[in-house]
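> everything below, folded, please.
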Amino acid sequence: MTEKEKQNQGLPYIGSDPEVLKGLNECEEECFYLNHLPPSKREERTQRLRKLLGKTGETFKIIAPFFCDYGYNIILGDQFFANTNLVILDEAKVTFGDNVFIAPNCAFYTVGHALNPTERNADMQYAYPITIGNNVWIGGNTVVLPGVTIGNNVTIGAGSVVTKDIPDNALAVGNPCRVIRFLDTEEK
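You can find the predicted model right below:
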């Protein structure tokens, strides 16, 4: 089994493998170009993002700068909005539902490194998917870690580090992020 196949199956893989690095290098080049387009080239930017990302809804907007590792592992629902400095390390799938709003300086990390120093020094990595439901608002400076699912109708408070799944209809905040209450019908 190749290192890329291991990565795609959520198994430990060597991150410095040439096949793994190929897509990273190509995406880095495209992100550089995207982030240097002037605001007057918004339509070109949108079309280039449609080609880079795995799937997009009819309407979406990502404010520059934006960084990702592969692009093709990112799925955006309709009415997606992300403010400046969005980072998505998409070694595994990152799926966003409809009506997702992301504040500035947020990061979604599907990739992690071995805890054992010998394995880490050998560049052993893992990647687990992230799933974000519909009608989700993620506050500024939030980090979402590998394997997390955030349900529908959720608000994540600014500065949160989301290490575990968040259920539907929740207001969650903190480091580590935890549910502080459930939202009633008017708040959803």
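
> give me the low-pLDDT residue ranges for the protein?
Residue ranges of the chain with pLDDT under 70: 185-188.

> helices of that one, start to end?
3-8, 18-35, 42-52, 117-121 (DSSP state H).

> touching, Pro104 and Thr84? I think so.
Yes: using C-beta atoms under 8 Å, Pro104 is in contact with Thr84, at 4.9 Å. Any C-beta I mention is one placed from the backbone N, CA and C, and that applies to glycine too.

> okay, the helices of the chain, which one's buried deepest?
Comparing these by mean neighbour count (mean count of other C-beta atoms under 10 Å), helix 3-8 ranks first with a mean of 18.

> can I get that one in CSV? Just the C-alpha atoms.
In CSV, the C-alpha atoms belonging to helix 3-8 read as follows (Å, rounded to 0.1, in the frame of the first residue of the first chain):
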residue,chain,number,x,y,z
GLU,A,3,1.7,6.3,1.6
LYS,A,4,-1.0,8.2,-0.2
GLU,A,5,-3.4,5.2,0.1
LYS,A,6,-2.6,5.0,3.8
GLN,A,7,-3.3,8.7,4.2
ASN,A,8,-6.6,8.3,2.4
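
> hmm, who's touching that helix?
Identification of contacts with helix 3-8 by C-beta atoms under 8 Å, 6 or more residues apart in numbering yields 12-14, 17, 19-20, 91-92, 125, 127.

> again, only this time at 6 Å
Residues outside helix 3-8 that contact it (C-beta atoms under 6 Å, 6 or more residues apart in numbering) are 13-14, 17, 19-20, 91, 127.

> filter those residues to the buried ones?
Among those, those classed as buried by 16 or more other C-beta atoms under 10 Å are 13-14, 17, 20, 91, 127.

> so what's the closest residue to Gln79 other than its chain neighbours up against?
Excluding its sequence neighbours, the residue lying closest to Gln79 (C-beta to C-beta, 6 or more residues apart in numbering) is Asn99, at 4.7 Å. Asn99 sits next to 79, 134-135 when contact means C-beta under 6 Å, 6+ apart.

> could you redo the last one with a cut-off of 10 Å?
Going by C-beta atoms under 10 Å, 6 or more residues apart in numbering, Asn99 touches 57, 77-81, 133-137, 152-153.

> how much space between Leu86 and Asn116?
Per C-beta to C-beta, to the nearest Å, Leu86 is found 31 Å from Asn116.
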